[in-house]
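Colleague: Need the 3D shape of this:
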Amino acid sequence: MNSDNNILVKLNNAGFRQNNKWLVEDVSLQVEKGKIVTLIGPNGSGKSTTAKIALGIYKNIEGSIEKNTNKIGYVPQKISIDWTLPLRVKDFMVLTENINDDQINEALLLTGVMHLKNKNLGNLSGGEFQRVLLSRAISKKPELLVLDEPVQGVDYTGEIALYALIKKISDTLNCGILLISHDLHTVMTATDHVVCLNGHVCCSGSPTDVAKNSEYKTLFGEQASQILSVYEHKHDHEHSDEGRIKKN
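Modeller: Next up, the predicted model:
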């Protein structure tokens, strides 16, 4: 049974207007400890705006927000890095965070990239870099983790492995996660609740319920709903951290 004590952040009919245009409006959702809430929707649907409302970045909002934690980790959709700089992973981890070596090691171990600690950031693959970003975000063991498209630049197999890792982080740290994704069926096994946005909440519920919703089908097509059904039915195996199927 859910308890109000478990609610980390709650949006009540929240919206944000900029230059006389609504970026998103009338969004209600909540993220609880140990739960993953996924925002999906087409480009420009308000996913990143909603995440920034939850983070408290946008102050002048419509509606209201209730936040019950200040221990928050964040992986933004875009991050600017001068890849010519000889910056090692361990240097990147402490650029803007006051964390010690034990915290760095623990975070890198959890995300499976401890072996990259002394590697130059510019030599990492897309999947490795995303894992380092996750490591940096969880280094202080946040209660709330906000992830904006955390699998970009990663192939399909890598996406599945990263979503499995995100689920592992949620379980290990018992943190709530607000996750933005472009694709519902790849997060099928790693999310508890889905909110589908298109400037407002089109539908919400379990991944299966959302996939059957007529508004979801209108946005993503009947084929997307069928793909999810196939994925749900056939995904009866586990993946290793590298994305390979584990053998029994």
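Colleague: Could you pick out the longest helix of this structure?
Modeller: Determined from DSSP state H, the single longest helix within the chain is helix 156-173.
Colleague: List the strands paired with whichever helix or strand comes after that one, with their directions.
Modeller: Next helix or strand after helix 156-173 toward the C-terminus (DSSP states H and E): strand 176-180. With DSSP bridges as the test, strand 176-180 is paired with strand 36-40 (parallel), strand 144-148 (parallel).
Colleague: Out of the ones you listed, flag the one nearest Thr208.
Modeller: strand 36-40 (13.0 Å; C-beta to C-beta). Just so you know, the C-beta spots here come from the backbone N, C-alpha and C atoms, and that holds for glycine as well.
Colleague: What spatial separation is found between the closest residue to Leu197 other than its chain neighbours and Asn20?
Modeller: Leaving aside its sequence neighbours, Leu197 sits nearest to Gly41 (C-beta to C-beta, 6 or more residues apart in numbering; 3.8 Å). Using C-beta to C-beta, to the nearest Å, Gly41 is found at 22 Å from Asn20.
Colleague: Report the separation between the nearest residue to Asp171 once chain neighbours are set aside and Ile160.
Modeller: Leaving out its chain neighbours, the residue that sits closest to Asp171 by C-beta to C-beta, 6+ apart is Gly34, at 7.1 Å. From Gly34 across to Ile160, the span is 21 Å (C-beta to C-beta).
Colleague: Between the two, which is the more surrounded one?
Modeller: Ile160 (22 against 14; other C-beta atoms under 10 Å).
Colleague: My read is that Leu165 contacts Gly127, right?
Modeller: No - counting by C-beta atoms under 8 Å, Leu165 does not reach Gly127; the two are 9.9 Å apart.
Colleague: Tell me who's in contact with Tyr58.
Modeller: Phe16, Thr49, Lys52 (C-beta atoms under 8 Å, 6 or more residues apart in numbering).
Colleague: Now flag whichever of these is closest to Leu147.
Modeller: Lys52 (12.9 Å).
Colleague: just to revisit the earlier point, the residue nearest to Leu197: how many residues sit nearby?
Modeller: Quick note: Gly41 (other C-beta under 10 Å) scores 24 neighbours.
Colleague: Do I have it right that it meets Val201?
Modeller: No - assessed by C-beta under 8 Å, Gly41 is found out of contact with Val201, at 9.4 Å.
Colleague: What's the local residue count around Ser80?
Modeller: Neighbours around Ser80, by other C-beta under 10 Å: 5.
Colleague: Could you tell me the backbone phi and psi angles at it?
Modeller: phi -90, psi 120 (degrees, to the nearest 10).
Colleague: distance of it from Val151?
Modeller: If you go by C-beta to C-beta, the gap between Ser80 and Val151 works out to 19 Å.
Colleague: ok, now Gly46?
Modeller: Gly46 is 20 Å from Val151, by C-beta to C-beta.
Colleague: List the contacts of Asn12.
Modeller: Ser28, Gly63, Ser64, Ile65, Glu66.
Colleague: Lovely, talk soon.
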